[in-house]
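Asker: this one's structure only:
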């Protein structure tokens, strides 16, 4: 598997932009830097999505919306008023 992977990586047909004889070394470096920049951006985006998913799960599990909290407060206040009578 390793040798197949290495051959595929070095095959010019798999990455024609890199093996283009007309491009200069600076263009290749720029392309690689842009790809790395895009990759880092994608990692940050995925981390954000994961954090949002965790936040939503915790909010669903432990804390509802403000409306639900207000309704619960009214229910408790009504219960306390009935106890005083």
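Answerer: Yep, that arrived. Keep in mind it's a predicted model, so treat the numbers as computed, not measured.
Asker: Now name the helix or strand holding the residue most central in space within the chain.
Answerer: Nearest to the geometric centre of the chain sits residue 46, at 1.7 Å (Cα atoms, centre = their mean). Secondary structure assignment for residue 46, by DSSP states H and E: helix 25-62.
Asker: which element follows that helix toward the C-terminus?
Answerer: helix 66-84.
Asker: Need the residues that contact that next one.
Answerer: Applying Cβ atoms under 8 Å, 6 or more residues apart in numbering, the contact partners of helix 66-84 are residue 63. In short, each C-beta sits where N, CA and C put it, glycine included.
Asker: for that helix, the distance to its chain's centre please.
Answerer: With Cα atoms, centre = their mean, to the nearest Å as the basis, helix 66-84 stands 39 Å off its chain's centre.
Asker: Also stretch 26-41?
Answerer: With Cα atoms, centre = their mean, you get 20 Å for stretch 26-41.
Asker: Residue 55 and residue 47, how far apart?
Answerer: Separation of residue 55 from residue 47 (Cβ to Cβ, to the nearest Å) stands at 12 Å.
Asker: try residue 25
Answerer: 33 Å.
Asker: okay, the two: which has more neighbours?
Answerer: Taking other Cβ atoms under 10 Å, residue 25 and residue 47 do not tie; residue 47 has more neighbours (10 against 7).
Asker: confidence score at that one?
Answerer: Confidence at residue 47, expressed as pLDDT, is 93.
Asker: buried sites along stretch 8-21?
Answerer: Of all the residues in stretch 8-21, not one is buried under the rule 16 or more other Cβ atoms under 10 Å.
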